[in-house]
Structures are given as structure tokens and as C-alpha cells.
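Predicted structure and sequence below. I'll ask about it afterward.
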Amino acid sequence: MKILLAPSERKTKGGESPPINKNSFKFFEIYEKRVEIIKKYDKFLQKTEDIKNFGDDKTSVFSRPTKKAILRYSGVAFEYLDYPTLDIDSQTYIDENVLIFSNLFGVISAKDLIPFYTLKQGAKPGFDIYKAHKEIFTPILDEINEKEIFIDLRAKFYEKIYKPKNAITFKFIKNSKVVSHFAKAYRGKLTRIIAINKPNSVEELLKINFPDIKVIEIIEKKGIKEIVSEVD
């Protein structure tokens, strides 16, 4: 089982690892294509004045220090996941089974080494970066998805990059209303608890006791199981 997560706009700075190189990322076979996209962003960064969407750091992305993606992102979901406080086995589970859909780098694993960057959701650095990611990563993810079910905890926006055919999704309900913004916290909580329990099947996943989350219905449609859950 693989867990799909959205990135966060909030990120930690710095890093103790060297700048990006072929060993920084999962999916070595498409490294050059990934680099082509990053180079386009890098070039656009030098001329844009759009600080809101692209930040004010004009240094090359290729020159910046890196750290694990799971430690780089620091938004709500990642706060509730709280990776640093997990035991080693659970951290390893996250490293090996969580895929993050970066706006800039495309599909990366939790342990991939990435630099600090700014690219707001939906912003286009002179080209449709989401379409480019989709073309590169769809064949790779389809092959994985044929063998493994995906636990898709992303925001719907990231279906622009990839929409799985075999997946579990969660809908959070509170006081008869769908939870929207705070859903990020529940996605982080779910990821943490899944990492601790390490289920190997949907049946094992549904046997997990998720604090503050109660499964009330499972809706199946075209290979997607939507788990409707009531939250406190």
C-alpha cells in the first residue's frame, strides 16, 4: 500500500545534505526529464517579479542545500503526522511508502532530498508544470497501482498530476457537514496511525482504531473505495 499526500506551501529552510542530484530522488529512470522541468522553473525564477507565487529567492534551485521531503514540508498535515516523534520502524514505513505530489518536483518519496522552494498551488512558471508532471509520472504510477492499492489523502487538486484507478479515499464529516480546511489535520493523523500499524490490506486498514475518526460508510465506485468518516 502506498499513501499519496499533497505537499504544503509552508516549508522549513536550510538543509544538511548536498544540492539535488540523481541520487536525491526516487524514480531514477526519469531523472533527466525531472531536471528539464526544474531548469525551466529555475530560468523563470530569474525574471519573474511574482513574489507571492514564486518567492524572492533568486538563487538557483540546483545550488540550494537539501533535506528529506517529509522534514521539508511543515504545513498542517505534516505537523499532525509529526514524523520526528515516530519510532524508527514507523519512520522507515513513511520513507518507503509515502509519495508526495510536489508542485515543482512532481512525485517524490518522503525520503527524497529536496531544497527549499516557493511555488504556490496552481501557479505556472511560464508553462503548464502540472501537465508536464502528468505525462511523466502517470505511466510509472499506473504500473505501481496495478500491484498496490493507493491510500489517496491528497487534495483533489493533485489529480491534475495523477488520478489512481485502484485507491482508498477518505471523506471527513463533522456535524453532518464535510470538513474542508481541517481535513489536512485528519490526513496527517491518518498517515501517522497507518505508519504505526503498517496494514497490508484494506481489511487490516479498516481494523485500525483511529482516534477521533469513526468509519460510518464505505462507498465503492470504479475501483475507488471512499471511506466516509465522522470526526470529533
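Okay, I see it.

burial count for residue 73?
24 (other C-beta atoms under 10 Å). C-beta coordinates here come from the backbone N, C-alpha and C atoms, glycine included.

pretty sure it is in contact with residue 10, am I right?
Yes: between residue 73 and residue 10 there is a contact under C-beta atoms under 8 Å: 7.4 Å.

which secondary element of this protein has the worst mean pLDDT?
Of all helical and strand segments in the chain, the minimum by mean pLDDT, DSSP states H and E falls on strand 177-178, at a mean of 86.

next structured bit after the longest helix along the chain?
Taking DSSP state H as the assignment, the helix of the chain that covers the most residues is helix 129-147. With elements assigned by DSSP states H and E, the helix or strand that comes after helix 129-147 is strand 150-152.

At which residues are the helices of the protein located?
31-47, 51-54, 69-72, 76-81, 88-97, 129-147, 183-197, 202-207.

Ok, which of these comes nearest residue 15?
helix 69-72 (7.8 Å; C-beta to C-beta).

contacting residues around the closest one?
11-12, 15, 78, 81, 83-84, 94-95, 98, 100, 102, 108-114, 116 (C-beta atoms under 8 Å, 6 or more residues apart in numbering).

could you redo the last one with a cut-off of 10 Å?
5, 7-8, 11-15, 24-26, 66, 78, 81, 83-84, 91, 94-95, 98-100, 102, 105, 108-117, 191 (C-beta atoms under 10 Å, 6 or more residues apart in numbering).

Distance from that helix to the middle of the chain?
Computed by C-alpha atoms, centre = their mean, to the nearest Å, the chain-centroid distance of helix 69-72 equals 10 Å.

taking the mean pLDDT, what do you get for that helix?
Helix 69-72 shows a mean pLDDT of 98 in the predicted model.

quick revisit: joint contacts of residue 73 and residue 10?
In contact with both residue 73 and residue 10: residue 79, using C-beta under 10 Å, 6+ apart.

which residues touch the residue sitting nearest the centre point of the chain?
Of all residues in the chain, the one closest to the mean position by C-alpha atoms, centre = their mean is residue 100, 2.2 Å from it. Each residue near residue 100 by C-beta under 10 Å, 6+ apart is listed here: 3-8, 69-70, 72-73, 78, 106-110, 112, 114, 154, 158.

ok, now residue 178?
171, 172, 228.

How about the last one, nearest residue that isn't a chain neighbour?
It refers to residue 228. The shortest distance from residue 228 to any non-neighbouring residue, by C-beta to C-beta, 6 or more residues apart in numbering, is to residue 217 (4.2 Å).

Fine by me, we can end here.
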